[in-house]
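Trainee: sequence first, then the predicted structure:
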Amino acid sequence: MDGLPLQLPLHTTPTIQQTLKSAIDCVGIGLHSGRRVRLALLPAPAGSGIVFRRTDLDRDIPADFRHVTDTRLCTLLGLAEEPAVRVGTVEHVMAALSGAGVHNAVVALDGPEVPILDGSADGFLFLIDCAGIVAQDEMAASIEVLRRVRVADGDAFAELRPSAFGLDMALSIAFDAAAIGRQALTLRLTPETFRGELARARTFTLAGEVEQLRAAGLALGGSLDNAVVVDGARVLNRGGLRMADEFVRHKLLDAVGDLALAGAPLRGRFVAHRSGHALNNRLLRALFADTANWRLAPPPLAAVPGRQIAAAA
């Protein structure tokens, strides 16, 4: 940003950084590894962001799109120089932290994958509610999208566009399976909409792909307790769906978690069709590839008439 002075729009609402009030933990199974993992959510200092800590390796991985090393059926963070230091399936806990408005936290694990819990973000939101959220003594900046950025793969695409308010999201999906078909959802992301519209939507898969996934060393911990399984027009889970369009809601939940790896809340409009973890990560890389695409909006408390603040690169 070259130290240029920025003036925030006067409608900007002041935002305080937040962290967890206390530590809380749980134990679960990794969806792909099948391994039992203990996860703890811990408070963190203002300005530290979200950090994944492998307690068994005594190593930290910042929750940053540049640390995404794999996007096959999940988002995996790792250190390129140390391949053993990795954490898989981070998208649901990242979505919960972002959706709840938590800016700073440590996600500590004693294994290589975040527990899948029930396949949604609801369990992580429950943990956050139990721990509580506390305001910190620094204002929160946001990343403002200045011009349209788009990535595509065939007829699938994802893009970010400028928007004056927060993060607006619009996503559509299309599957051959009759139980899914075509679905679309549009919403403005807030703690209320995340909790009410997205948090309970579970991950899903097609019955015909389960054995292929397991043969490839994936979905080893998957079951009807932590994923929706579709066979043509049938949903195989005994309780059926939690909502008729649970599939697109979960895809949008995934997008919330993937976009949270930007490092600060986005101010823009996310529009996508058939997007997944790979395209979501490519979109962030494309956004930050050119400084003309974005700017770091200074802490909103400085946005008073006539006052400016220099942005740090």
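Mentor: Okay, I see it.
Trainee: where do the helices of the stretch 51-200 of the chain begin and end?
Mentor: With helices called from DSSP state H, counting those that start in this stretch, the stretch 51-200 of the chain shows them at 91-100, 122-131, 191-193.
Trainee: quick one: closest of those helices to residue 297.
Mentor: Smallest distance to residue 297 across the helices of the stretch 51-200 of the chain (CB to CB): 16.8 Å, for helix 91-100. C-beta coordinates here come from the backbone N, C-alpha and C atoms, glycine included.
Trainee: C-alpha coordinates for the closest one, CSV please?
Mentor: Presented in CSV, the C-alpha positions along helix 91-100 are these (Å, rounded to 0.1, in the frame of the first residue of the first chain):
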residue,chain,number,x,y,z
GLU,A,91,-12.3,-25.0,7.1
HIS,A,92,-15.1,-25.8,9.6
VAL,A,93,-13.4,-24.4,12.7
MET,A,94,-12.1,-21.4,10.6
ALA,A,95,-15.7,-20.8,9.5
ALA,A,96,-17.0,-21.0,13.1
LEU,A,97,-14.3,-18.6,14.4
SER,A,98,-14.9,-16.2,11.5
GLY,A,99,-18.6,-16.4,11.7
ALA,A,100,-18.6,-15.8,15.5
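Trainee: tell me what that helix is packed against?
Mentor: When contacts are defined as 3 or more CB pairs under 8 Å, 6 or more residues apart in numbering; DSSP states H and E, helix 91-100 packs onto strand 105-109, helix 122-131, helix 246-259.
Trainee: among the helices of the stretch 51-200 of the chain, which is the most enclosed?
Mentor: Among those, the stretch with the highest mean neighbour count (mean count of other CB atoms under 10 Å) is helix 91-100, at a mean of 27.
Trainee: just want the angle from that one to helix 122-131.
Mentor: Helix 91-100 and helix 122-131 are oriented at 50 degrees to each other (axes from the mean of the first three to the mean of the last three CA atoms, to 10 degrees).
Trainee: got a list of contacts for helix 91-100?
Mentor: 39, 41, 50, 63, 74-75, 105, 107, 114, 116-117, 120-121, 124-125, 127-128, 133, 189, 191, 194-195, 198-199, 203, 253-254, 256-261, 265, 277 (CB atoms under 8 Å, 6 or more residues apart in numbering).
Trainee: correct me, but residue 190 touches residue 166?
Mentor: Yes. Counting by CB atoms under 8 Å, residue 190 does reach residue 166; the two are 7.0 Å apart.
Trainee: more neighbours: which of these two?
Mentor: A direct count of neighbours by other CB atoms under 10 Å for residue 190 and residue 166 places residue 166 higher, at 17 against 14.
Trainee: tell me how far the more buried one lies from residue 221.
Mentor: Between residue 166 and residue 221 the distance is 35 Å, computed by CB to CB, to the nearest Å.
Trainee: which residues does the residue lying closest to residue 185 once chain neighbours are set aside contact?
Mentor: Nearest residue to residue 185, sequence neighbours excluded (CB to CB, 6 or more residues apart in numbering): residue 248, at 4.8 Å. Contact partners of residue 248, counting by CB under 8 Å, 6+ apart, are 171-173, 183-185.
Trainee: pLDDT wise, what is residue 248 at?
Mentor: Note for residue 248: predicted pLDDT of 98.
Trainee: go on, residue 108?
Mentor: Reading off the model, residue 108 has pLDDT 98.
Trainee: got the contact list for it?
Mentor: Contacts of residue 108 by CB under 8 Å, 6+ apart are 25, 39-42, 52-53, 55.
Trainee: and the residues you listed, which two are the farthest apart?
Mentor: Greatest spatial distance among the contacts of residue 108 (CB to CB): 25 and 52, at 14.4 Å.
Trainee: neighbour count winner among those two?
Mentor: residue 52 (25 against 13).
Trainee: so the more buried one touches residue 59, yeah?
Mentor: No. Between residue 52 and residue 59 there is no contact under CB under 8 Å: 9.3 Å.
Trainee: what residue ranges in the stretch 51-200 of the chain score low on pLDDT?
Mentor: In the predicted model of the stretch 51-200 of the chain, no residue satisfies pLDDT under 70.
Trainee: what's the span of stretch 118-137, first residue to last?
Mentor: 35 Å (CA to CA, to the nearest Å).
Trainee: cool, stretch 195-210 as well?
Mentor: First residue to last in stretch 195-210 (CA to CA) measures 29 Å.
Trainee: what's the neighbour count on the closest residue to residue 265 other than its chain neighbours?
Mentor: Spatially, and ignoring its direct neighbours in sequence, residue 265 is nearest to residue 142 (4.7 Å; CB to CB, 6+ apart). Per other CB under 10 Å, the neighbour tally for residue 142 reads 21.
Trainee: still on that earlier bit, could you dump the helices and strands packed on helix 91-100 into a markdown table and include distance to residue 270?
Mentor: Below are the helices and strands packed on helix 91-100 laid out as a markdown table (distance: least, CB to CB, whole Å):
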| stretch | distance to residue 270 |
| --- | --- |
| strand 105-109 | 23 |
| helix 122-131 | 21 |
| helix 246-259 | 6 |
